[in-house]
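>>> based on what follows, work out the 3D shape:
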Amino acid sequence: MSNSLFYTGLSGLNVAQGALVTTGHNTANVNTPGYRRQTANISSSGGTLKPNVGFFGNGSHVDSVTRSYDRFLATQLTEAQASNEALTTYSSQIGQVDDMLANQTSGLAPLMQNFFAGVQGVANVPADSAARQQMINAAQSMTNQFRSMSQHLTDLNSGVNQQIGINADHINVYADQIASINKQIALLSGTGGGQPPNDLLDQRDQLVTDLSKLIGTKVVVQDGGQYNVFIGNGQTLVLGNVAYQLKAVTSAVDPTRTSVAVVGASGTAIEVKDSSLTGGALGGLLQFRNDTLTVAQNSIGRMAIALSDTFNAQHKLGVDLNGALGQNFFTQSSPSVLSNGMNQGNLLLDATFSNTAQLTISDYTVEVNAGGNYVLTRLSDKQVLSPAGGYTNANFPLTFDGITLSQVIPVGAAQPGDSFLIQPTNSGARNLDVLVTDVAQVEAAAPIVTGNVSSNKGSGVIGGSSVNAAYLATPLAGAVTLSYATATTTLSGFPALSPVTVTLPNGTATTYAAGAPVPYTSGAAISFDGITVTLSGAPANGDTFTIAPNAGGVSDGRNALLLGALEGQKTIGGSTATFNDAYAQLVSNIGNKTRQVDIANAAQTSLVAQIRFADQSATGVNQDEETANLLIFQQMYQANAKVIQTASTIFDAVLALR
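Residues are numbered from 1 along each chain as shown. Alright, predicted model coming up:
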């Protein structure tokens, strides 16, 4: 009996010691990130049968040391953190764009207003050189701000590119560490008789948690307890003890962007679509770049293009102080077409503007399908603009959303899978500048003047003169004199090579052969060679009216008035918005998006805190609980030591009897 009592006490002593060590380990790691509470699982050692008496217990033993772990909460925390970090990153990036656009002093709105105020100043006093200089200075300030904002957005893009590379490197480090711990866990589980290496399991889970802050992460547990880790929408990062590497590469679609590629077993880097990488800081960067940065760059680019195009078109229809016409006031960007770096064919595409008022803020892709036809997609809404089956070579040139797309001659051959990225407005703000620096070259005057001959007898009056773009091809070389004949109620004297169109006040228009007299109707608009004039009243027989080129126009501000009126014209977004409307809409959209992201981020941060609290409550170390356990197991240790002491005393007494 004494020998049995000794071993029973010894087993209890060992169990108490193991429990104390485990409790001490918990206490020591109360603040260790990712550590989960461990428990010594104690079981009875059973009993030994004594004939005619019964079973006497043999004490206890520690079966295993396990950790508290809730996979459901751990998975929830990983997913919530990935979303939280994505929103946090997005918020920090979009906040910079919002601050730039909404600035009341350095934003575009006040500078555009100052510019058009300068144009109006020239219209009021066209002979004043100071007013002309003020207009030029205001234009330069405005274009400088356009370029500055574009450069700021370009710098943000460069920063995103750099951060993508840094995040890819960090993800690779975590992947290597997870794969290494997978290997260690498999090895130790085998040599340890299947007992779990708890601290290594904690370390691995903490690495997965940290990885989820960089990229959305999914874990699949395979046989043997190893983790297979997948990122984004299913890209493999870790398989058992094998880690795949990510690499930051220059995008084959757009060389100004950095993309993420997965390095395969052969060492080949395969570029991954941005949309396939979601969650975490990396996913937030990619989402910001695609959903906000590109939109902002394209929006101010579209404004710059529409402004330069409409202003240039009207400016060219005026004459400067030297009598010259046809000069652009602003530079204007052109659409860019980027061939995918992976294209196998040699086809090249080119794009021009067909109608800047119809431009959107979207980029476009052209992809060659299996049948060799071209599928055109607007990226902002993923709408396919081409017919079923795609466009053929015979359909070119293509016109859509204010753009004309052509094949570069000689026309190359496209291969299935080839693609092209069309960026109509991306560089619009970057390339905007003022061409006119000499005050004399501001074309403020109208190119023609009209007049009534002083000897006229009737009440006929010529006026309402205007020109359109056709006038630039055939400007007046000299005066045109129109004569009225009472007998035929017609006007004659039009250029012999120019058809004349008469538009009645009710809108009815009739075109007459070149050189032929045209019927006279009071209030009718008469057009030829890009010139339109209006005659009204009752002219007398033989009355004449003149239309002549404006040689100087020093005090003429008629074209400047038309230039100033452009501020209030709807020339953007399918002729639905003015320049200020378009900018206000951009500021509003970015501001609203910023608020939405901030609110979502605050809510997600709160959710992460709640899940983390629930996880810590279920699996973390509670210092009060561990202190109580220390007392319990200390008393258990002391009690079992007393059992051993008692067994020793009994054994000594038995020996003394002999």
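
>>> secondary structure element for Leu491, which one?
strand 490-492 (DSSP states H and E).

>>> pairing partners for that strand, with directions?
strand 480-485 (antiparallel), strand 518-519 (antiparallel) (DSSP bridges).

>>> contact partners of the helix or strand that the last one is followed by?
Towards the C-terminus, the helix or strand next in line after strand 518-519, according to DSSP H and E, is strand 525-528. Contacts of strand 525-528 with the rest of the structure, by C-beta atoms under 8 Å, 6 or more residues apart in numbering, involve 464, 491, 494-495, 498-503, 518, 532-535. Using the backbone N, CA and C atoms, a C-beta is placed for each residue, glycine as well.

>>> can you dump the C-alpha atoms of the following helix or strand past strand 525-528 in CSV for me?
Later in the chain than strand 525-528, the nearest helix or strand by DSSP H and E is strand 531-536. Extracted in CSV, the C-alpha atoms of strand 531-536 (Å, rounded to 0.1, in the frame of the first residue of the first chain):
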residue,chain,number,x,y,z
ILE,A,531,-20.3,84.0,-92.8
THR,A,532,-23.8,84.7,-91.5
VAL,A,533,-25.5,88.2,-91.6
THR,A,534,-29.0,89.3,-91.1
LEU,A,535,-30.8,92.0,-93.1
SER,A,536,-34.0,93.6,-91.9
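
>>> buried ones in whatever helix or strand comes next after strand 531-536?
Scanning forward in sequence from strand 531-536 by DSSP H and E, the next helix or strand is strand 544-549. Neighbour counts using 16 or more other C-beta atoms under 10 Å place Thr544, Phe545, Thr546, Ile547, Pro549 of strand 544-549 among the buried residues.

>>> what helices or strands is strand 544-549 leaning on?
strand 448-452, strand 461-467, strand 480-485, strand 531-536 (3 or more C-beta pairs under 8 Å, 6 or more residues apart in numbering; DSSP states H and E).

>>> isn't Ala444 right up against Ser555?
No: taking C-beta atoms under 8 Å as the definition, Ala444 is not a contact partner of Ser555, at 9.6 Å.

>>> so between the two, which is more surrounded?
Ala444 (30 against 11; other C-beta atoms under 10 Å).

>>> and the pLDDT for the nearest residue to that one once chain neighbours are set aside?
In this structure, Ala444 finds its nearest non-sequential neighbour in Ala560, 3.9 Å apart by C-beta to C-beta, 6 or more residues apart in numbering. pLDDT for Ala560: 96.

>>> for the nearest residue in space to Gly24 that is not next to it in sequence, pull up the helix or strand it's in.
In this structure, Gly24 finds its nearest non-sequential neighbour in Leu630, 7.5 Å apart by C-beta to C-beta, 6+ apart. Per DSSP H and E, Leu630 falls inside helix 623-657.

>>> tell me what that helix is packed against?
Using 3+ C-beta pairs under 8 Å, 6+ apart, helix 623-657 is in contact with helix 2-28.

>>> list the helices and strands whichever helix or strand comes after the helix it packs on packs on?
Moving toward the C-terminus from helix 2-28, the first helix or strand encountered (DSSP H and E) is strand 38-44. Applying 3+ C-beta pairs under 8 Å, 6+ apart, one finds that strand 38-44 contacts helix 2-28, strand 60-67.

>>> quick one: buried residues of strand 38-44?
Of the residues in strand 38-44, those buried (16+ other C-beta under 10 Å) are Gln38, Thr39, Ala40, Ile42.

>>> need the pLDDT of the first one.
The predicted local confidence for Gln38 comes out at a pLDDT of 86.

>>> how about the contacts made by it?
So Gln38 contacts Thr22, His25, Asn26, Val65, Thr66, Arg67, Ser68, Asn198 (C-beta under 8 Å, 6+ apart).

>>> that older thread, specify which member of the buried residues of strand 544-549 is nearest to Ile644.
Closest approach to Ile644 among the buried residues of strand 544-549 (C-beta to C-beta): Pro549, at 122.8 Å.

>>> how about the closest one: what's its closest non-neighbour residue?
Leu476 (4.4 Å).

>>> same question for Thr488.
Using C-beta to C-beta, 6+ apart, the closest residue to Thr488 is Pro517 (6.5 Å).

>>> who's in contact with that neighbour?
Pro517 makes contact with Ala485, Thr488, Thr490, Leu491, Ser492, according to C-beta under 8 Å, 6+ apart.

>>> and the gap between it and Ser455?
21 Å (C-beta to C-beta, to the nearest Å).

>>> that older thread, what is the neighbour count of the residue nearest to Gly24?
Counted with other C-beta under 10 Å, Leu630 comes out at 16.

>>> hmm, it is touching Thr23, no?
Yes: the pair Leu630 / Thr23 is scored as a contact, 5.4 Å apart, by C-beta under 8 Å.

>>> ok, the nearest residue to Val480 once chain neighbours are set aside - contacts?
Nearest residue to Val480 in three dimensions, chain neighbours excluded: Ile547, at 4.5 Å (C-beta to C-beta, 6+ apart). Neighbouring residues of Ile547 by C-beta under 8 Å, 6+ apart: Ile448, Val449, Thr450, Ile462, Ser465, Leu476, Ala479, Val480, Leu482, Ile531, Val533.

>>> for Ile547, list each beta-bridge partner.
Beta-bridge partners of Ile547, as defined by DSSP bridges: Thr450, Val480.

>>> buried set for stretch 315-323?
Within stretch 315-323, judged by 16+ other C-beta under 10 Å, the buried ones are His315, Lys316, Leu317, Gly318, Val319, Asp320, Leu321.

>>> got it, and stretch 159-169?
Val160, Asn161, Gln163, Ile164, Gly165, Asn167, Ala168.

>>> ok, so of the residues you listed, who is nearest Ser106?
Val160 (22.8 Å).
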